[in-house]
Every structure is written in structure tokens, then in C-alpha cells.
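[1] here is a sequence with its predicted model. Questions after.
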Number of protein chains: 2
Amino acid sequence: MEDAHAAMVVKLGYRGEAYAGFAEQKDPAIRTVAGELRRALELILRREVTLACAGRTDAGVHALAQYVSLPVSAGECALEGRRIIHALSGITPDDISIRGLFRADASFSARFDALRRRYRYRIVLGEAGPVLMRGSVWWLKSVGELDVQAMHRAAQLLLGEHDFKSFCKASSAEGISTMRCLEQLDVTRIEEAGEELIAFDVGANAFLHNMVRTLAGTLVEVGRGAHEPAWVLRVLEARDRRAAGQNAPAEGLTLCHVEYPPGALRLWDER
Amino acid sequence: MEDAHAAMVVKLGYRGEAYAGFAEQKDPAIRTVAGELRRALELILRREVTLACAGRTDAGVHALAQYVSLPVSAGECALEGRRIIHALSGITPDDISIRGLFRADASFSARFDALRRRYRYRIVLGEAGPVLMRGSVWWLKSVGELDVQAMHRAAQLLLGEHDFKSFCKASSAEGISTMRCLEQLDVTRIEEAGEELIAFDVGANAFLHNMVRTLAGTLVEVGRGAHEPAWVLRVLEARDRRAAGQNAPAEGLTLCHVEYPPGALRLWDER
């Protein structure tokens, strides 16, 4: 949009099961979260739109707080926030939850202005499967107990600015910088909705493709005693995806939080 | 079983969506939790079985801790617990979670020996629908805020031994005693799996048909200001289902806990 007056920013949540990921694909018959949201916004604004997002979650991954931005004109800025939210909620499917509407400067991008992202990865252990959290956790059936303290110790070794190429999907690591700053990686036992879970809370400035799921799969190797905690440093140094553990399944992963510079997002109706 | 040596007690959880309730129905084509469990137990024990259960949850209602009992012979008592759990988990669908195996005296009944049951009812308010808790909550879209303190005050007026006929499905209240002892009814705001919820924690010696859901629907009337808290006493005194609020939807309800006399349940492999 050439005459952009501001950016519209939509905060949304979704369950990933029904979608081939956030980002739209070439084949328009493939259901994506961005596709649903784009079509809804185009109906409301009566024009074509292009979306930027904070985290391009993969097929099956959930989000409690995804952010999407698009440039809007002065005329569009005059639309009432309550009506936009109501229309978006009404047009998008029920597994997409419209959780907020903000405005930002015209140059704002939900992708490039994000300072950090936080994900939670959830695991349920043992033969008794999850009940209320079913579909939102990795049910690790055949593994016995995991040494959560060893996993947390290993996780702390990975904090800081490193080349995380070993934790990036190999086909996505070519020709890009794989340096990232891992700011948080806490492995804890939690109880949620009546279930005993192991949670990985993972924060970074930005993430590589499959990075959280590969971190989770690698730490599970430590948790089940296949490797000492210090092994993760050798994985890191290898700069080779084959050195790391398995890619933990998508359904256990949720994008929980995105941080923007203070003041970058104002409530839509605040002038 | 005439030569019952002990009772086998299975603790299980399940998601209610796919089932027409716990109890089996005349038409064997209708999927029920009890039907799935009975068929699995009959395969394992190679005989017909009859099940007793702690709470006959309705269609769509979930359970984190349902208990089911059946009399077993001395020979069956020799079966290894781990193998029974493994077989039950393998045979039943993935939305049924086998969570424990106990033995009790031959005369034990999961229904008649239960001292008290506890349910949690969950509500999400507002236009932003639930994400990870989707399907486990009542999404009250069109209602604004609810006065949770007023709901909790009203709830406290209902505690104790009363005739709860007004809170019982009318067709189920004929010819039975509708006296029950309501021991707990707490209405609180909680956060679970990243969602802000209103939770009703409801405990009683036993429950009438639709009792928790009618309590929830009635307290919502107080919460949205349609009635003062003291109104619930008039509902109670009416002894008429039509005096109470709506039957809140099944998907928000979960059977969370059943209490048995201390020592009644031993781990299956404990001799």
C-alpha cells in the first residue's frame, strides 16, 4: 500500500490441527491460518491485503498469541475496532480466536519489529494418555520417566548467542544466518487442566525452522539418559542437524508470547 | 459373578465429545465409554462383565478420574496389573485414558461406596474463543463480564443438605429422593493453559441428573445481574426445575475426583 497511514495489528490464537501451518501455500486449496485471516480481512477492507506475522508456525502448531500486521489507509483507520473484531471473529472459523486489535506506525511489521518470541512445548509421559490437554501435548507413551533436572541443566548450556544450525531443519539452513540468541530454556514439571506435564519454556530473539521442536527432541535424549547434559554442547558445535535429537511432534508446540518495543502497539481505537 | 474373590477397580479419564455418555444404551451401535471399556475387559477376561461406575456422566461430559468396578475371581486376581493396564490402554480408543488399576473387597461398588464426587465446570467469556481449552469449556460468547463475587456468594447459600429437585432434570426427578449434600461450590477466576477462565468447583456426596450443569447455568444468571444472589434460595425452595437457570452445555463439565473410604482401594499388585 503506497499511501499507508498506519499499520493494523491483529493478535490471534489458533489450534493448529486443521491447518497446514500459518503461512499460505501456493495451492489455495490447502488450508492455512494466514489464508483464513487474509480472506476475512479482504472481505472487511474490500481490497487485497498482504500480511506479515511474528512467527510462521508449522502445520499442527498452536498459537495463543500470534501477531499479524498490514498497512492501512487513513480511511481504514477510521473503522471502529469493535466492528472489525466482531467481523473477523464472525468470518474466521471457530478454531481461530481473535484476541486483540492494535494500531502501529505505518512502517511497523509484526515480523521485523518483534524483539523476542516465547514458545511452550508440552510433554505427557506414560501409558495414561492426556485428557483435556489431548492434541496440545506430545504424548510420549513408550518412554518411562525423564530426568527433568538433567534436561534443565543441559538446557542452560545452550543459553546465549550461538550458531544453532544443528537445531534448524537442514533444508531451511542453507544461505541464511543460523545465529540466534536463546534467552530462556526452562524445563519444569507443571500441572495444567488436571494433567501432569513436562513443559519447555523457550524464549529467543527469533527462531529457526523447527528449532523449538529439535531442542525438545534433543533434551528428551538427555532426559531418558541416552546422553549426559554436556552432550548438547557437542550437538551445538557440530553445526549439523544430524547431530541433534528427533524433531518433536508439532502438536506439543504453542506460540505463547511475542514482545514488541514499548509503545509500538496502541489499542486500535486510541487516537 | 457368584464366586467373586475381589473387585477390580479401573480409574480412567476420557474426552466426552465422541461418546453418548458413560452408560451403555440399548442400541449397541451408540458409542459409550462403558461400552468401550466393557468390550475391552471382556476380551481380557474372556467372559461377560457388568460394570458399576462412580458417576454416569452425560453425553459430551469429560472425566479425569472416573472409577469403574467389577467382581473378579481368584484366578483373575492373579493377573499382572501392568499387563491388564497395557491391554486396556491398547484396546480402548486414544480418547480414553487408563489412569490406574486397584483391587477392593468383593462387595465393593464404584457407585455405592463412593463417599463424594467433585466436578469442575469451566467457562470462557467474550468474543475471543478458547484455544488450547477448546472443547473443554463453555464459550459464553455473547455475555459481557460476569460478577464472579456475586456468583460465589450465591453459591455459598446452596451449601449443605437440601432438596435439589429444582436442579435435577425433570424427567429424572420422579420417584427418587432429590436430597443431596452440597459440600463445595466455589466460583473463581483461574488461568489454565494460557486462557482466563471462570471455574466452578463443585463437591457433593452424590449428584442428581444435570445437577452441576443446572447449578452453573443458574449462577450465570446471577453473574450477569439478572437476579440477586439470594434468588438461588427461591429457586431451591421451588422444588421445580423450571425455576432454575439453563442447563449449561456438557462440554464445560469434567468429573475430577471421587473419594472412597480410606484403604478401600489397594494397588492391584499389592497382595
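    Sure thing, it's come through.
[2] just the helices in chain A please.
    In chain A, the helices defined using DSSP state H lie at A:33-45, A:74-77, A:81-91, A:148-157, A:211-223, A:231-238.
[3] would you map the strands across the stretch 101-250 of chain A?
    Using DSSP state E, counting those that start in this stretch, the strands found in the stretch 101-250 of chain A span residues A:116-125, A:138-140, A:160-163, A:179-192, A:195-204.
[4] among these, which is the most enclosed?
    Taking mean count of other C-beta atoms under 10 Å in any protein chain shown as the contact definition, the stretch among the strands of the stretch 101-250 of chain A with the greatest mean neighbour count is strand A:116-125, which reaches a mean of 23. Quick note: C-beta positions are derived from backbone N, CA and C, even for glycine.
[5] returning to what we had before: turn the strands of the stretch 101-250 of chain A into TSV, including mean pLDDT.
    Written out in TSV, the entries for the strands of the stretch 101-250 of chain A read as follows (pLDDT from 0 to 100):
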stretch	mean pLDDT
strand A:116-125	97
strand A:138-140	96
strand A:160-163	97
strand A:179-192	97
strand A:195-204	97
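[6] tell me which of those strands lies nearest to chain B.
    Evaluated over the strands of the stretch 101-250 of chain A, closeness to chain B peaks at strand A:179-192, with 5.2 Å, by C-beta to the nearest C-beta.
[7] show me where chain A dips below the pLDDT cut-off.
    Using pLDDT under 70 as the threshold, the predicted model of chain A has low-confidence ranges A:1-2, A:271.
[8] what does it put close to chain B?
    Taking C-beta under 8 Å from any C-beta of the partner chain as the measure of proximity, chain A contacts chain B at A:13-15, A:62-64, A:85-86, A:89, A:94-95, A:97-100, A:120, A:127-134, A:136, A:192-195, A:254, A:256.
[9] now distance to A:Ala264 too, for the strands of the stretch 101-250 of chain A, in a markdown table please.
    Below are the strands of the stretch 101-250 of chain A laid out as a markdown table (distance: least, C-beta to C-beta, whole Å):
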| stretch | distance to A:Ala264 |
| --- | --- |
| strand A:116-125 | 13 |
| strand A:138-140 | 34 |
| strand A:160-163 | 24 |
| strand A:179-192 | 19 |
| strand A:195-204 | 18 |
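[10] nearest to B:Leu185, of those strands?
    Of all the strands of the stretch 101-250 of chain A, it is strand A:179-192 that lies closest to B:Leu185, at 22.5 Å by C-beta to C-beta.
[11] name the strands paired with that closest one and say parallel or antiparallel.
    In the sheet containing strand A:179-192, its partner strands are strand A:160-163 (antiparallel), strand A:195-204 (antiparallel), by DSSP bridges.
[12] how near is the residue lying closest to A:Ile198 once chain neighbours are set aside to B:Trp138?
    Counting by C-beta to C-beta, 6 or more residues apart in numbering or on different chains, A:Ile198 lies nearest to A:Ile123, which is 4.3 Å off, once chain neighbours are set aside. Counting by C-beta to C-beta, to the nearest Å, the separation of A:Ile123 from B:Trp138 is 28 Å.
[13] wait, the residue nearest to A:Ile198 sits on A:Pro249?
    No. With the criterion set as C-beta atoms under 8 Å, A:Ile123 and A:Pro249 do not qualify as a contacting pair; they are 10.0 Å apart.
[14] who touches both of the two?
    Taking C-beta atoms under 8 Å, 6 or more residues apart in numbering or on different chains as the contact criterion, the common neighbours of A:Ile123 and A:Pro249 are A:Trp138.
[15] skip the chain neighbours and tell me the closest residue to A:Gly21.
    In space, A:Gly21 comes closest to A:Ala59 once its chain neighbours are excluded; the distance is 4.4 Å by C-beta to C-beta, 6+ apart.
[16] so what's that neighbour up against?
    Contacts for A:Ala59 (C-beta under 8 Å, 6+ apart) come out as A:Gly16, A:Tyr19, A:Ala20, A:Gly21, A:Ala250.
[17] what sits against A:Ile98?
    By C-beta under 8 Å, 6+ apart, the residues touching A:Ile98 are A:Val10, A:Lys11, A:Leu12, A:Ile85, A:Leu88, A:Ser89, A:Thr92, B:Glu127, B:Ala128.
[18] of those, which is the most crowded?
    Neighbour counts for the contacts of A:Ile98 peak at A:Leu12, which has 26 neighbours (criterion: other C-beta atoms under 10 Å in any protein chain shown).
[19] separation between it and B:Gly21?
    Per C-beta to C-beta, A:Leu12 is found 34 Å from B:Gly21.
[20] once you drop chain neighbours, what's closest to A:Ala264?
    Counting by C-beta to C-beta, 6+ apart, A:Ala104 is the residue found nearest to A:Ala264 once chain neighbours are left out, at 5.5 Å.
[21] in the stretch 151-271 of chain A, which residue sits closest to chain B?
    Distance from chain B to each residue of the stretch 151-271 of chain A (C-beta to the nearest C-beta) is smallest for A:Gly194, at 4.3 Å.
[22] got the domain boundaries for chain A?
    Under the assignment named as automatic domain parsing, the residue ranges that make up the domains of chain A are A:6-112, A:116-256.
[23] make CSV from these and add distance to B:Gly55 to it.
    Converted to CSV, these look like this (distance: least, C-beta to C-beta, whole Å):
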stretch, distance to B:Gly55
domain A:6-112, 28
domain A:116-256, 15
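[24] closest one to A:Ala4 among the strands of the stretch 101-250 of chain A?
    The nearest among those, by C-beta to C-beta, is strand A:116-125 at 24.9 Å.
[25] now that closest one: how far from the chain's centre is it?
    Shown here is strand A:116-125, whose average C-alpha point lies 9 Å from the average C-alpha point of the whole chain (C-alpha atoms, centre = their mean, to the nearest Å).
[26] with stretch A:129-139 instead?
    In terms of C-alpha atoms, centre = their mean, the centre of stretch A:129-139 is set 18 Å apart from its chain centre.
[27] stretch A:149-159 now?
    A distance of 21 Å separates the centroid of the chain from that of stretch A:149-159, by C-alpha atoms, centre = their mean.
[28] now do it: everything it contacts.
    Among residues not part of stretch A:149-159, those counted as contacts by C-beta under 8 Å, 6+ apart are A:182-188, A:198, A:200, A:215, A:219-220, A:222-223, A:225, A:228-233, A:236.
[29] can you list the buried residues in it?
    Buried residues in stretch A:149-159, defined by neighbour count with 16 or more other C-beta atoms under 10 Å in any protein chain shown: A:Ala150, A:Met151, A:His152, A:Arg153, A:Ala154, A:Ala155, A:Leu157, A:Leu158.
[30] now the residue nearest to A:Gly21: phi and psi?
    According to degrees, to the nearest 10, the main-chain angles of A:Ala59 amount to phi -50, psi 130.
[31] measure it to A:Thr32 for me?
    In this structure, A:Ala59 and A:Thr32 are 9 Å apart, going by C-beta to C-beta.
[32] on that earlier part again, and the helices of chain A, which is most packed in?
    With neighbours defined as mean count of other C-beta under 10 Å, the helices of chain A peak in mean count at helix A:211-223, which reaches a mean of 25.
[33] packing partners for that helix?
    In this structure, helix A:211-223 packs against strand A:116-125, helix A:148-157, strand A:179-192, strand A:195-204, helix A:231-238, strand A:253-259, with contacts taken as 3 or more C-beta pairs under 8 Å, 6 or more residues apart in numbering or on different chains; DSSP states H and E.
[34] figure out which of those is closest to B:Ala78.
    strand A:116-125 (28.7 Å).
[35] what packs against the closest one?
    On a contact count with 3+ C-beta pairs under 8 Å, 6+ apart, strand A:116-125 meets strand A:138-140, strand A:179-192, strand A:195-204, helix A:211-223, strand A:253-259.
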